[in-house]
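Novice: build the 3D model from these lines:
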Amino acid sequence: MTDNPLCKSCHEIETIEHLLWSCPTTQTFLRKMTVWINTKNEDFHLIDKEYIFNIGKEKSEADLHIISDVKYYIFNSKYNEKCLSTIACINKLKFSYKVLRELATENNELSKFCNTCQKYRDLLNT
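Specialist: Here you go, the predicted model:
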């Protein structure tokens, strides 16, 4: 909560949609993240309402994990008044992948995890 309802990046009214999608700083960041994801993944794209609300029949469980982590990173960075960094977000995604893989291993669900996250394995398993 803040007394000032304006985005610190562009000085527009800050709403959830603005924070996570329409802010020019966020859009630049999302374009860079999409390019990075598409280096190993054939067809990752973001559509505003699907992205903001995690809806869309075409999104896989793995896609939704990636999107949720990216949105959390954006929110946390802006809340703490830090610049959006693709390197920091990529590191967060890789860490989340390792944690989820470890949890799946401990719960004897590694094969399910591998099937679910197969399309991002080469991107995140480094």
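Novice: does anything pack onto the biggest helix by length in the chain? Which helices or strands?
Specialist: In the chain, taking DSSP state H as the definition, the longest helix is helix 86-106. Applying 3 or more Cβ pairs under 8 Å, 6 or more residues apart in numbering; DSSP states H and E, one finds that helix 86-106 makes contact with helix 24-37, helix 61-79, helix 110-117, helix 121-124. Every C-beta, even on glycine, is put in place using the N, C-alpha and C of the backbone.
Novice: which stretch among those helices comes nearest K98?
Specialist: helix 121-124 (8.1 Å; Cβ to Cβ).
Novice: what residues are up against the residue most central in space within the chain?
Specialist: The residue lying closest to the centre of the chain (Cα atoms, centre = their mean) is V70, at 1.8 Å. Counting by Cβ atoms under 8 Å, 6 or more residues apart in numbering, V70 touches L30, M33, C89, L93.
Novice: my read: F44 touches L64, true?
Specialist: No: at 11.9 Å, F44 and L64 do not qualify as touching, with contact defined as Cβ atoms under 8 Å.
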